[in-house]
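Visitor: The amino acid sequence is not available; the structure is as follows:
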């Protein structure tokens, strides 16, 4: 199925948000199951969630946040986003180092999903509108840079997996 091209950097990042939300929903549907099939699917979904979020955070931090910070002059908003990223990265590391049979595994994935929901809400309601209103930002050029870096990171992760 062909997807329509994203219009700007905010659209691209929000498409990532929606894609990872679907992964969390799929995980939640399996969370209480302890069957071998469910455990294998949970492990795969958790790996995919962590992979997608790692790439997403990297492209935001490297490409999106610096020019947005300069353009919108809302340091507390960007500071909070970066702290949220750090918290998520720590939880991702714990999930990646854990096993889906561990009693805390489902809780860690659930809490990561809650962190991401909060982060996405703030980006959608505060950061993206401010970025779109900033005259100095070329969000189409940023989209292209984000997409190129995302493809590079995805390829790197495939070759190292």
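Guide: Yep, that arrived. Keep in mind that this is a model prediction, so the values were computed, not measured. Residues are numbered from 1 along each chain as shown.

Visitor: pLDDT value on the residue nearest the centre of the chain, please?
Guide: With distances taken as Cα atoms, centre = their mean, residue 53 lies nearest the centre of the chain, 3.5 Å away. Predicted confidence (pLDDT) for residue 53: 97.

Visitor: Report the residue spans of the protein with pLDDT below the cut-off.
Guide: 1-6, 158-161 (pLDDT under 70).

Visitor: could you redo the last one with a cut-off of 90?
Guide: 1-6, 31-35, 73-74, 100-101, 103, 135-136, 155-161 (pLDDT under 90).

Visitor: can you tell me which helix in it is longest?
Guide: Longest helix of the chain, by residue count under DSSP state H: helix 36-59.

Visitor: Just the residues contacting that one, thanks.
Guide: Residues from elsewhere that reach helix 36-59 (Cβ atoms under 8 Å, 6 or more residues apart in numbering): 13, 16, 19-20, 23-24, 26-27, 30-31, 33, 85, 88-89, 92, 95-96, 99-101, 105-106, 109, 112, 116, 146, 149-150, 153-154, 157. Yep, even glycine has a C-beta here, placed from its N, CA and C like the rest.

Visitor: next helix or strand past that helix?
Guide: Remark: after helix 36-59, the chain's next helix or strand is helix 65-72, criterion DSSP states H and E.

Visitor: ok now that following helix, how far from the chain's centre?
Guide: 19 Å (Cα atoms, centre = their mean, to the nearest Å).

Visitor: Next, the angle helix 36-59 makes with the helix or strand that comes right after it.
Guide: Using DSSP H and E, the next helix or strand after helix 65-72 towards the C-terminus is helix 75-96. Counting by axes from the mean of the first three to the mean of the last three Cα atoms, to 10 degrees, helix 75-96 lies at 150 degrees to helix 36-59.

Visitor: Can you point out the buried residues in helix 75-96?
Guide: 77, 78, 80, 81, 84, 85, 88, 89, 91, 92, 94, 95 (16 or more other Cβ atoms under 10 Å).

Visitor: Which residue, neighbours along the chain excluded, lies closest to the second one?
Guide: On the basis of Cβ to Cβ, 6 or more residues apart in numbering, the spatially nearest residue to residue 78 that is not a chain neighbour turns out to be residue 69, at 4.6 Å.

Visitor: Touching, that neighbour and residue 75? I think so.
Guide: Yes: counting by Cβ atoms under 8 Å, residue 69 touches residue 75, with 6.9 Å between them.

Visitor: Show the contacting residues for the residue nearest to residue 94 when sequence neighbours are not counted.
Guide: The spatial neighbour of residue 94 that comes closest, neighbours along the chain excluded (Cβ to Cβ, 6+ apart), is residue 108 at 5.7 Å. Neighbouring residues of residue 108 by Cβ under 8 Å, 6+ apart: 91, 94, 95, 98.
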